[in-house]
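Enquirer: Show me the folded form of this:
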Amino acid sequence: MTIDDGEMVAGLLAAWMLQSSPHIGPNTASIYTDSQNFIKATQSRIPASGSHILESFNEIATNLKGPNNEQIEGPKFTLRWIVAHNKSRGNKKADIEAKRAARGGVSTQNELPHYLRTPLPQSAIATKKAYLEELRNEETARWNASKRHDIFTRDIDEDYPMTKFRQQQAKLTRAKASLLMQIRTGHIPLNSYLH
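Expert: I've put the predicted structure just below:
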């Protein structure tokens with residue numbers, strides 16, 4: 001699950017809590033979020049990551065009724081954007097809970113709406129991110145075990161994948177970059193090396 005998915009779940013839970021609130025109506029109920037992606041996604045008709053959460057959110061929002069079980073015409077609440085990390089009372093707590101949800105933290109079954117009582121489908125974005133992280137860790141482990149690791153970290157760049165050195169090298173012509181690599185690795189065609 002991504003942070004955006006966690007923000008959408010928070011929005012879904014907020015809409016679900018409004019079902020039992022006596023204060024429903026566009027002028028009396030607001031859901032605040034610092035996720036612009038969530039707000040944009042509620043207005044989009046194009047399926048994207050987290051669409052299944054948005055469908056549940058829209059279903060709850062559409063079926064909300066007033067305190068006396070009367071049908072409310074028009075918007076049931078207002079979805080508002082709030083600046084992230086500001087000093088509002090609920091914003092910091094909401095961020096903590098969204099991150100906890102993204103890491104897999106869940107509430108007990110009976111505290112959740114039926115939409116969330118089964119595990120959410122695996123996010124394609126989160127799956128790709130985890131896979132790329134696994135590849136990076138494997139690549140780093142192979143590099144650390146290679147014969148060239150000590151020479152490169154001593155003479156070229158301590159940090160793998162040698163980003164600083166590649167940034168320096170990108171500013172040079174091909175001939176100068178080749179010369180720089182030869183000097184750094186000690187393979188420059190001078191008599192001391194050729195001997």
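Enquirer: Mind jotting down where the strands sit in the protein?
Expert: In the chain, strands defined by DSSP state E lie at 30-33, 78-81, listed in chain order.
Enquirer: Of all those strands, which one comes closest to residue 127?
Expert: Across the strands of the chain, the minimum distance to residue 127, taken as C-beta to C-beta, is reached by strand 30-33, at 24.5 Å. For the C-beta atoms, the positions are set from N, CA and C on the backbone; glycine is no exception.
Enquirer: For that closest one, name the packing helices and strands.
Expert: On a contact count with 3 or more C-beta pairs under 8 Å, 6 or more residues apart in numbering; DSSP states H and E, strand 30-33 meets helix 3-18, strand 78-81, helix 89-102.
Enquirer: cutoff 7 Å now
Expert: Judged by 3 or more C-beta pairs under 7 Å, 6 or more residues apart in numbering; DSSP states H and E, strand 30-33 is in contact with helix 3-18, strand 78-81.
Enquirer: what's the longest helix in the chain?
Expert: helix 124-145 (DSSP state H).
Enquirer: Show me which residues of that one are buried.
Expert: residue 126 (16 or more other C-beta atoms under 10 Å).
Enquirer: I'd like to check what contacts that helix. Which residues are they?
Expert: With C-beta atoms under 7 Å, 6 or more residues apart in numbering as the test, helix 124-145 has contacts from 1-2, 49, 149, 160.
Enquirer: how big is the angle separating that helix from helix 89-102?
Expert: 70 degrees (axes from the mean of the first three to the mean of the last three C-alpha atoms, to 10 degrees).
Enquirer: Let me know which of the helices and strands packed on strand 30-33 is the nearest to residue 109.
Expert: helix 3-18 (14.1 Å).
Enquirer: I would like the residues contacting that closest one, please.
Expert: Against helix 3-18 from outside (C-beta under 7 Å, 6+ apart): 24, 29, 31, 33, 35, 37-38, 49-50, 53-54, 56-57, 60-61, 64, 77, 94, 97-99, 101-102, 113, 115-116, 123.
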